[in-house]
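>>> here is my input, please return the structure:
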Amino acid sequence: MSRTLGFLRSILDPRVWVHRLRLAHFDAYSHVRQVPKLTRGPNVTFAPNVSFRNAERITLGAGTHIGEHSVVWAGDSTGRITLGDHCLLAPNVTITASNYGIVQGRNVMHQPKLERDILIGRDVWLGANVVVVAGVTIGDGAIVGAGAVVTRDLPANCIAGGVPAKVIGTRPLDVPADVPTEERVA
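Predicted structure coming up:
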């Protein structure tokens, strides 16, 4: 009986419905109104809860997919984000082309913003919870492991991980399927 009363109290509480309206407003300005501003190639897909900001400065290459709860925020005035063709972003990836300054004596919220372009090459895979900060270039074919924070450029075909992200390997060359397993490059 107490569970039923708690349920009724919660659905009859006007604050619940006001909060729903706030969430609808957030979805409108972070996704619905931003999507038409994107420059995107054919067959681009993304989850319905991806958050975009300043989408007029975001370019998504053909066949790219962005996973659930990811954040792709271009700078307010200059910072651009470009993803090449066939990029794969796992859930909860954050890419932001803008950072605040760090001068002492000035509140963080009042620091000047530092905007720099982000360029992510083609066929790049960013694992779950990866963060890419302003000014970074990630080369074609790179793979960035889950939870990494990319603060510096990464070369093509590397495998990177960690905080801050460092190169920990190289993607193997494509080997024809008829090559025996023991002869494949690992």
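
>>> which residue ranges of the protein form helices?
Secondary structure of the chain (DSSP state H): helices located at 2-12, 14-27.

>>> out of those, nearest to Asn43?
When the helices of the chain are compared by C-beta to C-beta, helix 14-27 sits nearest Asn43, at 23.7 Å. In short, each C-beta sits where N, CA and C put it, glycine included.

>>> in contact with His86, which residues?
Taking C-beta atoms under 8 Å, 6 or more residues apart in numbering, we find His86 in contact with 61-64, 122-123.

>>> low-confidence stretches in the chain?
Within the chain, the segments meeting pLDDT under 70 span 29, 175-186.

>>> can you rerun that using 50?
Along the chain, segments meeting pLDDT under 50 span 185-186.

>>> hmm, back to that, could I get the contacts of His86 as CSV with neighbour count and distance to Asp27?
Listed next are those as CSV, based on neighbours: other C-beta atoms under 10 Å; distance: C-beta to C-beta, whole Å:
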residue, neighbour count, distance to Asp27
Gly61, 22, 25
Ala62, 14, 26
Gly63, 17, 25
Thr64, 24, 21
Arg122, 17, 30
Asp123, 20, 31
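
>>> which of the helices of the chain sits closest to Val149?
Across the helices of the chain, Val149 has its closest neighbour in helix 14-27 (25.3 Å, C-beta to C-beta).
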